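Chemist: Quick one: sequence and predicted model below, then my questions.
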Amino acid sequence: MGSAVRVLAEATPATRDRYVDLLRVGSLAVVVLGHWMMAAVTPDGVGNLLAVVPALQPLTWLLQVMPVFFFVGGFSHALSYRSLLRKRPGGPAASADSASADSATSADSVYAAFLRARLQRLLRPTMVFVLVWGVVALLVQLLGGGGGLTGVTLRLVTQPLWFIGIYLAMVAFTPPLLRLHERYGWGAFAGLAGAAAAVDVLRFAAGVPYVEFLNFAFVWLAVHQLGFLRADGRLGAGSASGTGFAPSTGLRSLRVPALLAGGGLIGAVVLVAAGPYPLSMVGMPGEKVSNMAPPTLALLAHGLWLVGAVELLRAPAARLLARPRAWRTVVAANGVAMTAFLWHLTAMLGVYGALLALDVPLPEPATAAWWAQTPLRLAAAAALTSALVAAFRTFERPASPSATTPAPGSGPLAALGATLCLLGVLGLSMVGLGGLLEGRTALLIAIPVSAPAAVAMTLGGWLLVERAGRGAR
């Protein structure tokens, strides 16, 4: 593993933006640590430390970093899709005549190839995780288990899959939103942000039912759109060069990130202080309004300040990542980040399960004894996560590029597959893996969905994307 990482690190193209890789790994690492820290497990169930100690809720303004992950996703998706466009028939390398003849038919092919390439590394480790846990859940229930912490685990382990579902939607919407960005620039972002604000007005001021769910799209896609702006160098703070970033010597390049950070932070503070928005930027048990589910304008403002803040740190990060050892660490972590994210709750709940099985007393959350035990629990969860990563990391390795060319007209088939994957993953995050034998369901867009149906939709959708993306030789 060490030699392979060294080879990959040394083969990094000079044009690669290393800071994006650091942000991707770092944001997932913060989410994992936040989940481990927030879990308040007792023999009676799993609670939330932020509900036990509300004074800790301002920490979510630092620990809720999913907007950063979606931001760098937009950057990567723009580069990937444009790369495929350049290679298509009728792209820049083709003659004018062939470009005119092939452009219309090749757009669908590019879309299918893009979806297949982006979904492979995302869904392969996800489906392995789901299938392994599905077998475990079935065996547990056949043996008459499923109560206590085991039942809670079967419900909780799939909840982080909502993130996979939202990310799938961002991948699917990249081509049309990238075209809007290329035409309107900041106007495309402003349109999405304005739509998010309008949704909250209709929700809170006019009491329109169900409209709030539109912000699952508007809020997260607005953050994703900022990644497009970064890909075009419209966020300032430097330009691509060498290790992926050449810091500017003037303060002018920091103006846009500073405006995003300052304006977003002020906006979030005002919205939370004067509006109907809660302080916590993560969901809290029993609250009437959550900033996360569905997302709110306050969460979008929070995302703006985070994006601005990380962009202000680009220059020192570029200097750090120019060091071979630092870059090798990022390369190694980037190769297993999704696997670690998928299995980190399994590891955490496994540690608590072992403590209960060994009759080790679990102190009351937030007491002195609980805090004293925390470093040991975190170390044990990290060790178990590392073991699970070692077992399953092979499924995160990117597959070999297809030797085939997607057929003309394959785009709609790929879009259908991506939609099924999106609905299946979101459904599974909602219903969990408990109650398989009882036919437990959850409502997904007013439709009851069971875990087996969600898994079938995800697998079927993935197969459609694979078929459309491979095409014919």
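Modeler: Yep, it's here. Numbers count the residues shown, from 1 in each chain.

Chemist: At which residues are the helices of the stretch 101-250 of the chain located?
Modeler: For the stretch 101-250 of the chain, the helices defined by DSSP state H, counting those that start in this stretch occupy 148-156, 161-184, 186-200, 215-231.

Chemist: how far out from the middle of the chain is the third one?
Modeler: If you compare the mean C-alpha spot of helix 186-200 with that of the full chain, they lie 21 Å apart, counting by Cα atoms, centre = their mean, to the nearest Å.

Chemist: Same question for the shortest one.
Modeler: In terms of Cα atoms, centre = their mean, the centre of helix 148-156 is set 23 Å apart from its chain centre.

Chemist: Just the buried residues of that helix, please?
Modeler: For helix 148-156, burial by neighbour count (16 or more other Cβ atoms under 10 Å) applies to 149, 150, 151, 152, 153, 154, 155, 156. Just so you know, the C-beta spots here come from the backbone N, C-alpha and C atoms, and that holds for glycine as well.

Chemist: Distance across stretch 36-49, terminal residue to terminal residue?
Modeler: End-to-end distance for stretch 36-49: 10 Å, by Cα to Cα, to the nearest Å.

Chemist: neighbours of residue 205, just the number please.
Modeler: For residue 205, the tally of surrounding residues (other Cβ atoms under 10 Å) stands at 9.

Chemist: Read off the pLDDT value for it.
Modeler: pLDDT for residue 205: 93.

Chemist: And it, how far from residue 199?
Modeler: The gap separating residue 205 from residue 199 is 11 Å, by Cβ to Cβ, to the nearest Å.

Chemist: what helices or strands is the particular helix or strand that has residue 371 in it leaning on?
Modeler: Per DSSP states H and E, residue 371 falls inside helix 368-392. Contacts defined by 3 or more Cβ pairs under 8 Å, 6 or more residues apart in numbering; DSSP states H and E place helix 368-392 against helix 18-38, helix 96-142, helix 337-357.

Chemist: Please repeat the previous calculation with a cut-off of 10 Å.
Modeler: Helix 368-392 sits against helix 18-38, strand 39-42, helix 49-52, helix 96-142, helix 337-357, with contacts defined as 3 or more Cβ pairs under 10 Å, 6 or more residues apart in numbering; DSSP states H and E.

Chemist: how far out from the middle of the chain is stretch 291-306?
Modeler: Worked out by Cα atoms, centre = their mean, stretch 291-306 lies 15 Å from the chain centre.

Chemist: related to what we said a few turns ago, and the helix holding residue 371 with helix 337-357, angle?
Modeler: 130 degrees (axes from the mean of the first three to the mean of the last three Cα atoms, to 10 degrees).

Chemist: in helix 368-392, what's buried?
Modeler: For helix 368-392, burial by neighbour count (16+ other Cβ under 10 Å) applies to 370, 373, 377, 380, 381, 382, 384, 385, 388, 389, 392.

Chemist: Point out the most buried one among the helices of the stretch 101-250 of the chain.
Modeler: Of all the helices of the stretch 101-250 of the chain, helix 215-231 has the most neighbours on average by mean count of other Cβ atoms under 10 Å, namely a mean of 25.
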